[in-house]
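# Predicted model, plus sequence, below.
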Amino acid sequence: MTTTSTEGAASRRTRGRRIRPEDARSNNRRLVLQALHREDGLSRADIARATGLSRVTISDLVGELVDEQLVVESGPGHRSGPGAPSRALALSRSSRNVVAVSISSGDTIEGAVVDLGGAAIAREVVERGGATGPEALEVLGDLIDRLVRSAEAPILGIGVSTPGVVDGAGVVRESSHLDWHDVALRGILFDRTGLPVSVTNGLNAAGMGELSFGKVDHDLLLVRIGAGVGAAVIINGAVVHGRNWAAGEIGHVVVTAGEGPVCACGRTGCLEAWLSVPKLEARLAGAPDESAASDIRREAGRCLGIALSPLVATLGLTDVVLSGPAELIEGELIEAARAAIAVRVLPILFDDLTVRLAETHGDLRLRGAAALVLSETLGLT
């Protein structure tokens, strides 16, 4: 499988040759920053215990990070033994900014400047006005230019979430919504701004957003329910892409072979035909009473559970996150999905399984674009 993460990229660069001291030091910096990203107020001794690094190494790295203003000593920490209390450390969340942009599959582009904690410093939403191809690129570039000027601290990089298939080089191989075909978006924006650029598709951005800014510290499967249905799989902090960079296209998995609604792809019984928002809303609108509407929601949830069961069993996932309209998903649909998974996997796999709504679904893709920059520049997830 193909994955993208800071640590994954580092392992590929060092595979087959001796690891250099600077590689080890870079990895150790990421470990320290990651510890402080998850919990402020740690002492040097706390970080040494959490990372397994020696106190001498931690002291050296913390000194370096304080000099760079990425870490601050925020005051006395807890007392761990005789003598003066240790100094508490914190990630200096205002010390750097990230420009994050989310291109919707509709007609809007949303952008923000955020700090290291994801708090927005500036926001702007623009309409594409139907622009596609080079015109859409210009609308995007103008928005990014304005956001860069709004930054209040040095900019770590630019993160872009876009519809379509995006490869590891930041090339949008195909986006029908934007009429982009093999558009080298990372290179185009780097040439325009001179800043590091990270590009991913909307689903993977949503997964990164939930991982970084939700309450998740492990693997997860995020399912986006909207005009279509797709998924992002994150294992060990890395997005799984597949060799063709299109992993997660679960919408056209047939869940009711030979029966059910006809899908836009021409087949019968695809998950998308059962679960996409337009299809589900249309069936609910035609329901004669609430009992019939409940049956429709439960059937959609059952179909989702059928599609997800092999993923849960194969990957041993414990967290399935659903992103989409809460009024459609919450309640009966989620419970039906859980029930369908329960009868299809071993109890040991199901006992710890959570199926829930996304915690940060309001601006998940935008936050995910920022999270991707934090991952690729500082190793934060």
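Yes, it's here.

# Can you report how many residues neighbour W245?
Neighbourhood size, W245 [other C-beta atoms under 10 Å]: 20. For the C-beta atoms, the positions are set from N, CA and C on the backbone; glycine is no exception.

# Look up how far V199 lies from the closest residue in space to it that isn't next to it in sequence.
Excluding the flanking residues, the one nearest W245 by C-beta to C-beta, 6 or more residues apart in numbering is D167, at 4.7 Å. Here D167 is placed at a distance of 9 Å from V199 (C-beta to C-beta, to the nearest Å).

# starting at the chain centroid, how far to the helix or strand hosting L36?
Assigned by DSSP states H and E, L36 belongs to helix 21-38. Offset of helix 21-38 from its chain centre (C-alpha atoms, centre = their mean, to the nearest Å): 21 Å.

# So for that helix, what gets flagged as buried?
Judged by neighbour count using 16 or more other C-beta atoms under 10 Å, the buried positions of helix 21-38 are 27-37.

# Show me what that helix is packed up against.
Here helix 21-38 touches helix 6-14, helix 44-51, helix 55-67, strand 71-76, strand 87-91, helix 364-378, going by 3 or more C-beta pairs under 8 Å, 6 or more residues apart in numbering; DSSP states H and E.

# Nearest to S104 among the ones you listed would be which one?
Among the helices and strands packed on helix 21-38, the nearest to S104 by C-beta to C-beta is helix 364-378 (8.1 Å).

# one step back: compile the helices and strands packed on helix 21-38 into JSON lines and extend it with columns for mean pLDDT, mean neighbour count and distance to R302.
Converted to JSON lines, these look like this (pLDDT from 0 to 100; neighbours: other C-beta atoms under 10 Å; distance: least, C-beta to C-beta, whole Å):
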{"stretch": "helix 6-14", "mean pLDDT": "42", "mean neighbour count": "15", "distance to R302": "35"}
{"stretch": "helix 44-51", "mean pLDDT": "92", "mean neighbour count": "18", "distance to R302": "42"}
{"stretch": "helix 55-67", "mean pLDDT": "94", "mean neighbour count": "16", "distance to R302": "50"}
{"stretch": "strand 71-76", "mean pLDDT": "80", "mean neighbour count": "15", "distance to R302": "49"}
{"stretch": "strand 87-91", "mean pLDDT": "91", "mean neighbour count": "20", "distance to R302": "44"}
{"stretch": "helix 364-378", "mean pLDDT": "91", "mean neighbour count": "27", "distance to R302": "25"}
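
# follow-up on the earlier one: between D167 and V199, who's got more neighbours?
V199 (27 against 18).

# Quick check: closest non-adjacent residue to that one.
Taking C-beta to C-beta, 6+ apart as the measure, V199 lies nearest to G170, with 4.0 Å between them; neighbours along the chain are not counted.

# Name the next helix or strand downstream of the longest helix along the chain, please.
In the chain, with assignment by DSSP state H, the single longest helix is helix 290-315. Where DSSP H and E defines the elements, the next helix or strand beyond helix 290-315 is strand 319-323.

# Let's see that following strand as PDB, backbone CA atoms only.
The C-alpha atoms that make up strand 319-323 are tabulated as PDB, following Å, rounded to 0.1, in the frame of the first residue of the first chain:
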ATOM      1  CA  ASP A 319     -12.700   4.000  15.000                       C
ATOM      2  CA  VAL A 320     -15.100   4.600  12.100                       C
ATOM      3  CA  VAL A 321     -16.000   8.200  11.600                       C
ATOM      4  CA  LEU A 322     -18.900   9.400   9.500                       C
ATOM      5  CA  SER A 323     -18.800  12.900   8.000                       C
END
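
# List the neighbouring strands of that strand plus their orientation.
strand 220-225 (parallel), strand 354-357 (parallel) (DSSP bridges).

# distance between it and the chain's centre?
Between the mean C-alpha point of strand 319-323 and the mean C-alpha point of its chain there is a distance of 12 Å (C-alpha atoms, centre = their mean).

# quick one: it to helix 290-315, angle?
130 degrees (axes from the mean of the first three to the mean of the last three C-alpha atoms, to 10 degrees).

# Name the residues of strand 319-323 that are buried.
Residues of strand 319-323 classed as buried: 319-323 (neighbour count, 16+ other C-beta under 10 Å).

# Dump the residues you listed into TSV; add distance to S212 and pLDDT as well.
Output for these, formatted as TSV (distance: C-beta to C-beta, whole Å; pLDDT from 0 to 100):
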residue	distance to S212	pLDDT
D319	14	90
V320	18	93
V321	13	91
L322	18	94
S323	15	90
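
# Isn't R173 up against G164?
Yes. Shown here, R173 and G164 form a contact pair, counting by C-beta atoms under 8 Å, at 7.1 Å.

# Looking at the two now, which is surrounded by more residues?
Set side by side, R173 and G164 show unequal neighbour counts under other C-beta under 10 Å, the larger going to G164 at 21 against 16.

# Okay, the more buried one and A122: tell me how far apart.
Applying C-beta to C-beta to G164 and A122 gives a distance of 26 Å.

# which neighbours does the strand or helix carrying V99 have in its sheet, and in what orientation?
Counting by DSSP H and E, the element that carries V99 is strand 97-103. For strand 97-103, sheet partners with direction are given as strand 108-114 (antiparallel), strand 155-162 (parallel), following DSSP bridges.
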